[in-house]
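Student: What follows is a protein structure lacking sequence information:
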């Protein structure tokens, strides 16, 4: 079963957002999980994509544009490691 976390990132800069996603990638393995998907509205995804992703742990994670009901949120989906 996947775990979904909704992150309220209003008033946060791109560096904070990237550091938060890095933390989810690195911390998930402690709980036998891996980051499999990042979801967000178009504006938030564009904001994230406007910065270089090279070397970030989440650079190969699927990013989905969806309606999260809030403009400044991202949903992070963690799945069990089999």
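Tutor: Right, received. Where do you want to start? Quick caveat, the model's predicted, so the values are computed rather than measured.

Student: Residue for residue, what is the longest helix this protein has?
Tutor: helix 14-28 (DSSP state H).

Student: what comes into contact with it?
Tutor: By C-beta atoms under 8 Å, 6 or more residues apart in numbering, the surrounding residues in contact with helix 14-28 are 5, 7, 9, 12, 34-35, 38, 47-48, 50-51, 56-58, 61, 74, 76, 78. Heads up, the C-betas are built off the backbone N, CA and C, glycines and all.

Student: Put the buried members of those into a ChimeraX selection.
Tutor: Isolation of the buried members of the contacts of helix 14-28 (16 or more other C-beta atoms under 10 Å) is achieved in ChimeraX through the command below:
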select :7,9,34,35,38,47,48,58,61,74,76,78
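
Student: one step back: now the angle from the following helix or strand past the longest helix of the chain to helix 14-28?
Tutor: Scanning forward in sequence from helix 14-28, with DSSP states H and E defining helices and strands, the next element found is strand 33-40. Computed by axes from the mean of the first three to the mean of the last three C-alpha atoms, to 10 degrees, the angle separating strand 33-40 from helix 14-28 equals 150 degrees.

Student: Tell me, how many residues neighbour residue 62?
Tutor: 11 (other C-beta atoms under 10 Å).

Student: Please apply the same query to the one 3 residues further on.
Tutor: Residue 65 has 13 neighbours, counted by other C-beta under 10 Å.

Student: tilt between the worst-scoring helix or strand of the chain on mean pLDDT and helix 14-28?
Tutor: The helix or strand of the chain with the lowest confidence, counting by mean pLDDT, DSSP states H and E, is helix 42-49 at a mean of 83. The directions of helix 42-49 and helix 14-28 differ by 80 degrees, with the same axes, to 10 degrees as the criterion.
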